[in-house]
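In: based on what follows, work out the 3D shape:
(chains A and B)
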Amino acid sequence: MRLSIFLPLAVLLFVAGNMGDASATSGSVALHAEPPVLERTLFSKPSHTLTITGSCPQGSDIVLKIVSPNRNYRLNKAGKGLGFVWLPVGHAEIRDIPGMYAILSSAKISNILSPTGQEEAGLTPGFEEVYKRCEVRFEKDPPPGAVAGLRREYISGLIRIFKEGGLYQNLEGAVSIEGHQFTASLVHPAGAPLGEYAIFCYAVRDGKASLLCQNKFLVTSSGLADWLATKARTDPAVYGVFAALMAVAVGLLVGVVFGRGAGH
Amino acid sequence: MNVYLPIAHMSVNVFFIIGLGGLVGFLSGLFGVGGGFLLTPLLILAGIPPMVAAASDSNQIVAAASSGAYTHSRMGNVDLKMGIVLLLGGFTGGSIGVQIIKVLAAIGEVDFVIKVVYVVILGMIGSFMFIESANALRRRAPVFDDNRSLEPKESSVRRLAMRLPWRLTFHKSHLTTSVIFPFLLGVLVGMLAAIMGVGGGFIMVPAMIYILGMPTIVAIGTDLFQIVLTCVNVTIQQAIRNHTVDLVLVVILFFGSTIGAQAGARVGRRLRGEQLRILLAVIVLVVMAMMVYNLVVAPDNLISISRGGGGH
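Out: Okay, the predicted model is just below:
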């Protein structure tokens, strides 16, 4: 009798519990970025800190991928010339590469995902997804056998520059989980591109990663920094004349105040 | 305290940039020479993209030279006729230089060329100053600073310039010469202003004194006058063609250099001319050596972002 009552109840509770998890992975979980808009002004710090929070299924690890808008970069490759000087010996343009790319995880990715699983989800610590996504155009076509190697060399060189500038990050253990909630902090450097950033949140369990939810945050510039950058781009003649006249005015003012030149 | 440079697209410590401007301004005031040839390489070494460093330095020079030109014009030290001839050359050279930068940026060679031009020019100027000052110290007799009292020998270029067509008399400079040579001098300095972000006084003033035969004080005043307008032209051209003038950087640099120049001028009065020049020669050669080191030592990363087209 007791068994006939408790067994259906236990089954019901188990199903309800799993239903809760299913709804989380189907996209109804919350993912917040705070602040939702990062404003870059004249007096911005070298970096902003963005806090990403959300809910996650019990017992899962969390991997966050933050991707900026794509940009194009013209690159030089240095080589030895004249026997002793390092000068540009090759040029290429990398198109459609994210200017910022970060992977933050609650555990070491190689411990929770197999290499195949990492590649399928685009969560490789070495940013392999970026290598696949972007396009490389060489100024002079290299020999067919050298294309793949050169392509990788240019992309890895640019990624290295980005990593040094804090633009490409791979932070294992940066996501902390408490119960059903996770929190992570992303350092967003001032040199990162403006625009709309995507945050992808993956739950990893039993060696499999599934996209739990995604969100966006915005990086904009405002105030004098924005006005100057816009004016320099859209109205360069006015900007140039303004810069020159301002310098003359300041110089004359200093000349009058100090009564002598400040050198040249 | 940090400031975001909207054209260089980087955040810098404002006190560091003021310090850099102040240091160069101090040296400028101490030695009585332009600081442009030191400021641009120091900005490059501090991580500012070379194109932005050169263009912004040109704009900063407009402000610095304006104050000097104002003072000299009040003292009657500006040969306006000569200044206009130099200026025509400066405008031509400046426009050519900006185009050269644009072409070099398009083919990704601008950073390398700016560095090489700096190494060559700093090497020549530094070596010449060092040898000249060392000789002066040995003789215990000033040579360069006091050339107001010395009559420079008539050079072969000066004799040639006097035989060329389109001769004009420059009353303030007490000379009659063809306009061709000062025009070409203006072209050279205009090109250097665009490529290196310098005023060019370190070439123009000795050339005006030793080759054209102008009185030193008039050469300095006229040089400052033409620098203002040549660098105004370069600033506008750089803004239009290369979008590389960072006004925020300019304002911070000028703030530092103005204070530094006043302090330098006060300290400079206590030192002897040849001691100052040998010290300046050493500084110039050290900056050159740092740039040579950058060129000959294998870079950590063979790939670099071309400053003509990064991140667009």
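
In: so where do the helices sit in the stretch 1-150 of chain A?
Out: Counting by DSSP state H, counting those that start in this stretch, the stretch 1-150 of chain A has helices at residues A:2-23, A:109-112, A:115-121, A:128-133, A:147-164.

In: which non-adjacent residue is nearest A:Pro88?
Out: Spatial nearest neighbour of A:Pro88, excluding adjacent residues (CB to CB, 6 or more residues apart in numbering or on different chains): A:Asn76 at 3.9 Å. C-beta: built from backbone N, CA, C; applies to glycine.

In: residues of the helix or strand B:Val292 falls within that come out buried?
Out: Taking DSSP states H and E as the definition, B:Val292 sits inside helix B:273-296. Neighbour counts over helix B:273-296 (16 or more other CB atoms under 10 Å in any protein chain shown) mark B:273-274, B:276-281, B:283-285, B:287-288, B:291-292, B:294-295 as buried.

In: point me to the residue of the stretch 201-312 of chain B nearest chain A.
Out: Closest contact between the stretch 201-312 of chain B and chain A, by CB to the nearest CB, is at B:Ile303 (2.4 Å).

In: what stretches of chain A score poorly on pLDDT?
Out: Flagging of chain A using pLDDT under 70 yields the residue ranges A:1-29, A:259-264.

In: show me it divided up by domain.
Out: A:29-221, A:223-264 (automatic domain parsing).

In: need these in JSON lines with mean neighbour count and distance to B:Val198, can you?
Out: Listed next are those as JSON lines, based on neighbours: other CB atoms under 10 Å in any protein chain shown; distance: least, CB to CB, whole Å:
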{"stretch": "domain A:29-221", "mean neighbour count": "17", "distance to B:Val198": "22"}
{"stretch": "domain A:223-264", "mean neighbour count": "19", "distance to B:Val198": "9"}
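
In: turn these into JSON lines, including distance to B:Gly36.
Out: JSON lines is the format used below for these (distance: least, CB to CB, whole Å):
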{"stretch": "domain A:29-221", "distance to B:Gly36": "25"}
{"stretch": "domain A:223-264", "distance to B:Gly36": "7"}
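
In: run through who's touching stretch A:151-165.
Out: With contacts defined as CB atoms under 8 Å, 6 or more residues apart in numbering or on different chains, stretch A:151-165 is touched by A:73, A:75, A:77, A:92, A:94, A:97, A:99-101, A:127, A:130-131, A:134, A:136, A:168-169, A:189, A:191, B:301-305.

In: residues in contact with residue 94?
Out: Assuming you mean chain A. Going by CB under 8 Å, 6+ apart, A:Ile94 touches A:72-73, A:75, A:134-136, A:154-155, A:158.

In: wrong one, I was asking about chain B
Out: Neighbours of B:Gly94 in contact, by CB under 8 Å, 6+ apart: B:190-191, B:193-194, B:230, B:233-234, B:237.

In: can you rerun that using 6 Å?
Out: B:190, B:193-194, B:230, B:233-234 (CB atoms under 6 Å, 6 or more residues apart in numbering or on different chains).

In: tell me which of the residues you listed fall in strands.
Out: Using DSSP state E, no member of the contacts of B:Gly94 falls within strands.

In: what about the helices in the stretch 201-312 of chain B?
Out: B:201-206, B:216-237, B:247-268, B:273-296.

In: repeat for the stretch 1-150 of chain B
Out: Using DSSP H, counting those that start in this stretch, helices in the stretch 1-150 of chain B cover B:14-31, B:36-45, B:50-74, B:80-106, B:110-139.

In: can you list those in a markdown table and add mean pLDDT?
Out: Shown next, in a markdown table, are the helices of the stretch 1-150 of chain B (pLDDT from 0 to 100):
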| stretch | mean pLDDT |
| --- | --- |
| helix B:14-31 | 85 |
| helix B:36-45 | 83 |
| helix B:50-74 | 85 |
| helix B:80-106 | 88 |
| helix B:110-139 | 82 |
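
In: relative to B:Pro206, which of those is closest?
Out: For the helices of the stretch 1-150 of chain B, proximity to B:Pro206 was assessed by CB to CB; helix B:110-139 is nearest, at 8.9 Å.
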